[in-house]
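Chemist: A structural model of the following input is requested.
(one chain, ligands or ions: 1)
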Amino acid sequence: MSLTLTDVRLTYPDGDRVLTALDEVSLQVEPGQVLAVVGPSGSGKSSLLAVAATLLRPDSGRVVVDGVDAVGLSAAQRARLRLEKIGIVFQQPNLLGSLTAAEQLLAIQHMRGVPVRRQRRAAVEALAAVGLDGKQHRRPHQLSGGERQRVNIARALTGRPAVLLVDEPTAALDQERGGQIVELLAEVTRQHQVATVMVTHDTEYLDQVDDVAVMRDGQLTRSVAGAHR
Ligand SMILES: Nc1ncnc2c1ncn2[C@@H]1O[C@H](COP(=O)(O)OP(=O)(O)OP(=O)(O)O)[C@@H](O)[C@H]1O
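Modeler: Predicted structure coming up:
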């Protein structure tokens, strides 16, 4: 249930030249671990998440998700891999406005072909596990920003993914709620034994993660400060 990137190179066309967004990037995240990736704007963090999510195919290198080498797969096979093994938490909780918190989770299960009736109880339990006990009937506008992000995290975990990819989860939150969200991510990572990569600008929460890597000009280096656990 781990995530491994080996010597990943990704370029974008840039006029008559190419821009190297990821320059021989390697990383490994084990089940139950959170790797935080920090770095300046434009350094390649979103590109890294997109490659790890198998949304972008690298020019070269290997991306192995829970033992499956994703680079050689067709688009349809990658879509299935994402559905079965990868949970994604975006910066803005992109919840559907007309659905309740529980229905957000059920909609994903429906897309996976799981009969919805059997899943209702699991959805309520998953929401309780992220601290939303009793709020399963609320629609997004009836939840706070932090609570919406909790629904987002519960939804990403619904399919029991091997890998959780998180993009700036605290960007829309104040410091206290941001800290609580990172704490929750660390907790669910251990409970569900997922391999989590979290891209963040917020360096104040890094004491809660297992490892920190720094992205600069497309190159990823391990930070000394991160190796504290
Ligand atoms: N679709 C694209 N086409 C061309 N260049 C791109 C594309 N997407 C990103 N880039 C460039 O690739 C580099 C890395 O971008 P990326 O979005 O991965 O950085 P980032 O670290 O996530 O930045 P931010 O923190 O601002 O979100 C930047 O120079 C960016 O301009």
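Chemist: and Gln109, what pLDDT?
Modeler: Per-residue confidence (pLDDT) for Gln109: 80.
Chemist: tell me if it really is in a helix.
Modeler: Yes - looking at Gln109 with DSSP: H, G, I helix; E, B strand; the rest coil, it is inside a helix.
Chemist: how many residues are close by it?
Modeler: If you count neighbours by other Cβ atoms under 10 Å, Gln109 ends up with 19. Backbone N, C-alpha and C define where each C-beta goes, glycine included.
Chemist: same thing with Arg117?
Modeler: Arg117: 8 neighbours (other Cβ under 10 Å).
Chemist: now do the helix or strand where it lies: which elements does it pack against?
Modeler: Using DSSP states H and E, Arg117 falls within helix 116-129. Using 3 or more Cβ pairs under 8 Å, 6 or more residues apart in numbering; DSSP states H and E, the elements in contact with helix 116-129 are helix 101-111, helix 145-157.
Chemist: elements contacting the longest one?
Modeler: Yep, that's helix 145-157 we're talking about. Right, helix 145-157 is packed against strand 86-89, helix 101-111, helix 116-129, helix 175-192 by 3+ Cβ pairs under 8 Å, 6+ apart.
Chemist: what strands flank whichever helix or strand comes after it, and is each parallel or antiparallel?
Modeler: Using DSSP H and E, the helix or strand that follows helix 145-157 towards the C-terminus is strand 163-167. Strand 163-167 has its sheet partners listed here by DSSP bridges as strand 86-89 (parallel), strand 195-199 (parallel).
Chemist: now the angle from strand 163-167 to helix 175-192?
Modeler: Computed by axes from the mean of the first three to the mean of the last three Cα atoms, to 10 degrees, the angle separating strand 163-167 from helix 175-192 equals 170 degrees.
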